[in-house]
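Undergrad: No letters, just coordinates:
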């Protein structure tokens with residue numbers, strides 16, 4: 001099991017934890033919309049660091065993005081395994097072909 005899978009399991013476990021004992025549980029208690037908002041904030045911070053070409057700061061922000069992405073997904077009952085299955089489904093398909101096949 002890799003670090004991202006361990007993090008995914010920890011986040012899943014925190015979904016039912018006491019919000020007073022866990023930052024992740026506190027996010028879940030605020031609802032899926034707040035989880036999505038927090039993910040967006042972290043994504044913007046990562047973009048800023050990428051533009052500034054600050055590798056250390058971008059690495060840190062990227063970790064925050066991954067964490068908050070997983071929280072947002074779990075807030076909507078989507079797991080890392082669900083996302084990995086979708087990536088596996090797309091494997092070997094050109095990005096252009098995959099996008100053309102999507103329904104609007």
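TA: Nice, thanks for sending it over. Just so it is clear, the structure is predicted and the values come from calculations on it, not from any experiment.

Undergrad: Low-confidence ranges, the chain, go.
TA: 98, 104 (pLDDT under 70).

Undergrad: for it, which residue is closest to the average position?
TA: residue 69 (1.5 Å; C-alpha atoms, centre = their mean).

Undergrad: Look up how far residue 7 lies from it.
TA: 10 Å (C-beta to C-beta, to the nearest Å). C-beta here means a position set from N, CA and C on the backbone, and glycine is covered the same way.

Undergrad: before we move on, the earlier item: can you list the residues that contact the helix or strand where the residue nearest to the centre of the chain lies?
TA: Assigned by DSSP states H and E, residue 69 belongs to helix 55-75. Contact with helix 55-75 is made by 4, 7-8, 11-12, 15, 24, 27-28, 31-32, 35-36, 38-39, 42-43, 45-46, 48-50, 79-80, 82-83, as judged by C-beta atoms under 8 Å, 6 or more residues apart in numbering.

Undergrad: How far away from the center of its chain is the helix or strand following that helix?
TA: Where DSSP H and E defines the elements, the next helix or strand beyond helix 55-75 is helix 80-90. Computed by C-alpha atoms, centre = their mean, to the nearest Å, the chain-centroid distance of helix 80-90 equals 13 Å.

Undergrad: and helix 80-90, what other elements does it pack with?
TA: Contact here means 3 or more C-beta pairs under 8 Å, 6 or more residues apart in numbering; DSSP states H and E; on that basis helix 80-90 packs against helix 3-14, helix 55-75.

Undergrad: re the thing from before, can you pull the buried residues of the helix holding residue 69?
TA: Judged by neighbour count (16 or more other C-beta atoms under 10 Å), helix 55-75 contains these buried residues: 58, 61-62, 64-75.

Undergrad: which residues touch the nearest residue in space to residue 22 that is not next to it in sequence?
TA: On the basis of C-beta to C-beta, 6 or more residues apart in numbering, the spatially nearest residue to residue 22 that is not a chain neighbour turns out to be residue 14, at 4.9 Å. Listed by C-beta under 8 Å, 6+ apart, the contact set of residue 14 reads 22, 24, 25, 28.
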